[in-house]
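Engineer: return a 3D structure for these sequence lines:
(chains A, B and C)
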Amino acid sequence: MAAKLMSVYNRLFLEFGAQKWWPARTRLEVMVGAILTQNTTWLNVEKSIRKLKQHHVLDIKTLGSISERKLSQFIKSSGYFRQKARHVKGLIHFIAEHYHGSIHRMFRTPKDHLRQELLSVRGIGPETADSILLYAGKKLTFVVDQYTKRIFIRHGWISSKANYSDVQNFIMKRLPQKVSLYNEYHALLVQVGKGFCFKTKPNCEACPLKKYLPKKGARPGNITCYPT
DNA sequence: TGCCAGGCCGGGT
DNA sequence: ACCCGGCATGGC
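Structural biologist: Below is the predicted model:
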């Protein structure tokens, strides 16, 4: 199975190339983006990020002093904007209280401890915490999202009842422990996952992933496509 | 038009 | 330990 996971990775990489995640300039931008992108398209997040930059709000000092209300107006395009404004403020507050407002200090602390702390911040769940750890902190943690789960379930590699840590453990036990691999692999899963078809029957003609359907004598690594 | 998007929380079983 | 409604804008 370990070899199969790498086979999938290699095939995706050949098809889509390096994804160069996270699409952000600073670690703060990664963290804010990780909250904003919850259950939302990245396109909507980009608009919010642009607005935050335009108004010179995307630095830790300003995010600390700006009102929740005002912040929420800048991030409307990301949806759930009141909640997300509160959550971003909560994260900034956490960094201020625990790490003197220093992102550098924050990422100097051990991964497992920091993960627990991040999970205690309202609005930061397992995926957001792992995104922050991997993409902002370059820590060795695999990010599991709906696409990842869906793809692995559809291949029959994990149970449809698997929870977040089940999927994460499954993957991390079988992949080489390399941050750059975790980074690229998750990004590729998202990329291919976007093409999945939800409204059609198994092996439908219209499926955008048709070219990945197993041909006869399918080899490991093919991506199948059918509705959830 | 209705459904989906790179989740998470709080209340209920 | 799960299950569910709520949160909200934007694109197809």
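Engineer: now do the helix or strand where residue A:14 lies: which elements does it pack against?
Structural biologist: Residue A:14 is located in helix A:2-16, with elements delineated by DSSP states H and E. Judged by 3 or more CB pairs under 8 Å, 6 or more residues apart in numbering; DSSP states H and E, helix A:2-16 is in contact with helix A:164-174, helix A:179-193. In short, each C-beta sits where N, CA and C put it, glycine included.
Engineer: closest to residue A:151 out of these?
Structural biologist: In terms of CB to CB, the element of the helices and strands packed on helix A:2-16 nearest to residue A:151 is helix A:179-193, at 6.1 Å.
Engineer: do that closest one and DNA strand B meet?
Structural biologist: Yes: counting by CB under 7 Å from any atom of the strand, DNA strand B is contacted by helix A:179-193 at A:190, A:193.
Engineer: now the residue in chain A that DNA strand B sits nearest to. Nearest residue, chain neighbours left out?
Structural biologist: As assessed by CB to the nearest atom of the strand, DNA strand B sits closest to residue A:125 within chain A, at 2.3 Å. The shortest distance from residue A:125 to any non-neighbouring residue, by CB to CB, 6 or more residues apart in numbering, is to residue A:119 (7.1 Å).
Engineer: verify the stated contact: the one you found with residue A:130.
Structural biologist: No: Residue A:119 lies out of contact with residue A:130 (CB atoms under 8 Å); the separation is 9.9 Å.
Engineer: comparing these two, which residue is more hemmed in?
Structural biologist: The neighbour count for residue A:119 versus residue A:130, taken as other CB atoms under 10 Å, is higher for residue A:130 (25 against 13).
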